[in-house]
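Engineer: one predicted model, sequence on top.
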Amino acid sequence: MKKIIVSAVTLVTLLTIPHLQSTMCFDCECKATSKTFFTVRPQFQSASPEKDSLFHFDRMNVREDGYGGTFQIALFGGKSTESSKLSTYFTPFCKRCLLVKEDDMAGDADIRAQHFNIATINGVEGTGESFVSELSFCPKLSVFGIGLTFRQNISRLINQDEEKVYDIFFEISSPITRVETNMCLNEKIKSDGGGVAEIDDIDQQFFPNIKDAFKQECWKYGKIDCRCEMVKWGLADIELKIGIQNEKENFCYGGYIGAIAPTGNRPCAKYVFEPIVGNAKHWGLTQGGFTRYDLWKNEDGDKRIFWETYIHSQYLFERSEKRSLDLKHKPWSRYMEIYENSEQAQQAANLDGNAARLLSSPGINLLTRDVCVTPGLSVSFMSSVMFSCQNWSLELGYDLYARQAECVKLLCACEDESAIKAASGNGVTNKTRTINKDHNLCTGQINQFNSVNYQLGKIKREDLDLESASHPGLISYTVYGAASYRWDDREFPMLLGLGGSYEWGDENFVLSRWTIWTEYSFSW
């Protein structure tokens, strides 16, 4: 009894800590906004319904006088839901629809179009209505995979005749997964500004709308291109376990330790919401336990109801990744126009007219950095009630998943020479400028380039907002149901099952999704 109480207290503590970490805002609709990277919980992992429902640890010993081995193959697939809610995770100001303006006389713009190299004839010449559009996103994710699990009772394999109180087992599992993501950018143009303006004297391309601007070739990172196929195929992380279990007449329990070997892909930050197979190339350690307790059975023993629980925890270690960063208190500042160095600012100061005003470099290229990411601890607790009648089984369950916030640190402590460009250009910097406000106050109130002005406007290491590239800690909830038919009286006992689940969370940084699966297993 004491062990049960201690375990329950430990579980509650582990689940509460990431929840407190994720609660960054108490009085707004979305607790995370203007984020640059979304970490998806991989499917077909330990203590997930598509992997462990129906395929319980007793399948190793279901064949009498056998070798204690079993193999599972599962086909699973699913899609995300609540795209509108998820979009606020990526957009600034917790908005589902963003107003983009080239000329913001009314002061109601969410995004100044100049940051995206949008320059129209009317906007440049001041001869009419400049560019205006409405921008929205509908992020979606779909997954299809083939999950494989091999589990072997080592004790029975070594000595088949001797009766064992405890069984020692080995397990290896991994899914082959196809992940597809799409930001689904939608733009409604209210005014085209008379078309793209032609700016001489600078080697810089300008665009007629925000949709084209998000896929411009000069951007190395942070792109959004709905025509580009955002798909990744691969073998997701391999889970290795060694464990022990004890089976009694009405009760079974056990535990295991293990490791995660990364075989998926690592983020490259070229596109927003890029597809990731596995845990983004992070090594990890795991531990877990399981219990099964008979609640009821009839006199013949062919009908029974039992309760099963799984708890699985894992720790993923630090690994370098490429992620985009905002500046502190400046949502979407990664997309702002900047001067790459003082030489470019000097070049702008030497130009005339619109060329001097518009010359700049894309901030996304210089604010995407190599960082060290530590995903840290996650815990999954799965509990189910199963009704078994002869060869049929029905399982209804609930899964609670918690993950701490990612820790993101700069890989290199060195500073570059970039600086936020003032809206007036001409080599002037303006550290107070944001994605939606120009704040026409030049740094040091200097209206022409010089070395003092540029140094005051430089982006320093402490200006970088590492939280913008970190996925917050979260808690998600999953309900599921599954049914199976067993052929346990055959030479090689088999099981065929079908199931479905739905996962959701309270915050906008939890991926809501449905999943269906079918599984087949046999034992020897």
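Structural biologist: Happy to help now that I have it. Numbers count the residues shown, from 1 in each chain.
Engineer: for the rest of this, base every contact and every neighbour count on C-alpha atoms.
Structural biologist: Fine.
Engineer: how about the strands in the stretch 51-200 of the chain?
Structural biologist: Using DSSP state E, counting those that start in this stretch, the strands of the stretch 51-200 of the chain run over residues 69-80, 97-101, 111-112, 132-136, 140-153, 167-182, 186-191.
Engineer: what's the closest of those strands to Leu496?
Structural biologist: With CA to CA as the criterion, Leu496 lies closest to strand 69-80 of these, at 9.7 Å.
Engineer: note down every partner strand of that closest one and its orientation.
Structural biologist: If you go by DSSP bridges, strand 69-80 pairs up with strand 140-153 (antiparallel), strand 513-523 (antiparallel).
Engineer: just send the ones you listed back as a markdown table, with mean neighbour count and distance to Asn246 too.
Structural biologist: Shown next, in a markdown table, are the strands paired with strand 69-80 (neighbours: other CA atoms under 10 Å; distance: least, CA to CA, whole Å):
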| stretch | mean neighbour count | distance to Asn246 |
| --- | --- | --- |
| strand 140-153 | 21 | 12 |
| strand 513-523 | 21 | 19 |
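Engineer: out of those strands, which gets nearest to Arg461?
Structural biologist: strand 140-153 (33.6 Å).
Engineer: so where's this protein shaky on pLDDT?
Structural biologist: 1-29, 156-165, 441-448, 451 (pLDDT under 70).
Engineer: let's see that with 50 instead.
Structural biologist: Applying pLDDT under 50 to the chain flags the ranges 1-27, 442-445.
Engineer: the helices in the stretch 301-450 of the chain, which residues?
Structural biologist: Counting by DSSP state H, counting those that start in this stretch, the stretch 301-450 of the chain has these helices, from start to end: 342-350, 353-358, 363-366.
Engineer: please identify the most buried of these.
Structural biologist: Of all the helices of the stretch 301-450 of the chain, helix 363-366 carries the top mean neighbour count, a mean of 23, counting by mean count of other CA atoms under 10 Å.
Engineer: still on that earlier bit, which of the strands of the stretch 51-200 of the chain is buried the deepest?
Structural biologist: strand 111-112 (a mean of 24).
Engineer: partners of that one, with directions?
Structural biologist: strand 97-101 (parallel).
Engineer: list the contacts of the nearest residue to Asp201 once chain neighbours are set aside.
Structural biologist: Closest residue to Asp201 apart from its sequence neighbours, by CA to CA, 6 or more residues apart in numbering: Ala355 at 6.4 Å. Contact partners of Ala355, counting by CA atoms under 8 Å, 6 or more residues apart in numbering, are Ile199, Asp200, Asp201, Ile202, Ala348.
Engineer: out of those residues, grab the one that's most surrounded.
Structural biologist: For the contacts of Ala355, the largest number of neighbours (other CA atoms under 10 Å) sits with Ala348, at 25 neighbours.
Engineer: how close does that one sit to Glu503?
Structural biologist: 52 Å (CA to CA, to the nearest Å).
Engineer: how about Gly68?
Structural biologist: For Gly68 relative to Glu503 (CA to CA), the value is 34 Å.
Engineer: Serialize the helices of the stretch 301-450 of the chain to CSV and add fields for distance to Ser468.
Structural biologist: Formatted as CSV, the helices of the stretch 301-450 of the chain follow (distance: least, CA to CA, whole Å):
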stretch, distance to Ser468
helix 342-350, 27
helix 353-358, 27
helix 363-366, 13
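Engineer: among these, which is nearest Gly397?
Structural biologist: For the helices of the stretch 301-450 of the chain, proximity to Gly397 was assessed by CA to CA; helix 363-366 is nearest, at 44.3 Å.
Engineer: list of residues touching the closest one?
Structural biologist: Contact partners of helix 363-366, identified using CA under 8 Å, 6+ apart, comprise 219-222, 324, 333-338, 340, 418.
Engineer: hmm, 6 Å instead?
Structural biologist: Lys220, Arg334, Tyr335, Met336, Glu337, Ile338 (CA atoms under 6 Å, 6 or more residues apart in numbering).
Engineer: wait, which of those residues is closest to Ser34?
Structural biologist: Arg334 (9.9 Å).
Engineer: tell me the contacts of the closest one?
Structural biologist: Listed by CA under 6 Å, 6+ apart, the contact partners of Arg334 are Asp326, Gly363, Ile364, Leu367.
Engineer: repeat the analysis, applying 8 Å as the threshold.
Structural biologist: Ser324, Leu325, Asp326, Leu327, Gly363, Ile364, Leu367, Thr368.
Engineer: mind putting those in a markdown table, distance to Leu474 included?
Structural biologist: Compiled in a markdown table, the contacts of Arg334 are given as follows (distance: CA to CA, whole Å):
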| residue | distance to Leu474 |
| --- | --- |
| Ser324 | 21 |
| Leu325 | 21 |
| Asp326 | 22 |
| Leu327 | 24 |
| Gly363 | 30 |
| Ile364 | 27 |
| Leu367 | 26 |
| Thr368 | 25 |
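Engineer: rewinding a little: pipe the strands paired with strand 69-80 into CSV and attach distance to Ser393 per row.
Structural biologist: Output for the strands paired with strand 69-80, formatted as CSV (distance: least, CA to CA, whole Å):
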stretch, distance to Ser393
strand 140-153, 20
strand 513-523, 14
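Engineer: for those strands, which one sits closest to Ser133?
Structural biologist: strand 140-153 (22.7 Å).
Engineer: the closest one vs strand 167-182, what angle?
Structural biologist: Put simply, strand 140-153 runs at 170 degrees to strand 167-182, going by axes from the mean of the first three to the mean of the last three CA atoms, to 10 degrees.
Engineer: now do the strands in the stretch 251-400 of the chain.
Structural biologist: 251-261, 284-297, 303-316, 319-324, 326-327, 337-339, 361-362, 368-374, 376-389, 392-403.
Engineer: buried deepest among those strands, which one?
Structural biologist: strand 337-339 comes out most buried of these by mean count of other CA under 10 Å, with a mean of 28.
Engineer: partners of that one, with directions?
Structural biologist: strand 361-362 (antiparallel), strand 419-420 (antiparallel).
Engineer: okay if I get the ones you listed as TSV plus distance to Leu285?
Structural biologist: Formatted as TSV, the strands paired with strand 337-339 follow (distance: least, CA to CA, whole Å):
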stretch	distance to Leu285
strand 361-362	40
strand 419-420	42
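Engineer: do you know which of these lies nearest Ser393?
Structural biologist: Once the strands paired with strand 337-339 are compared by CA to CA, strand 361-362 is nearest, at 58.5 Å.
Engineer: assumed Glu491 was part of a helix.
Structural biologist: No: assigned with DSSP: H, G, I helix; E, B strand; the rest coil, Glu491 falls outside any helix and is coil.
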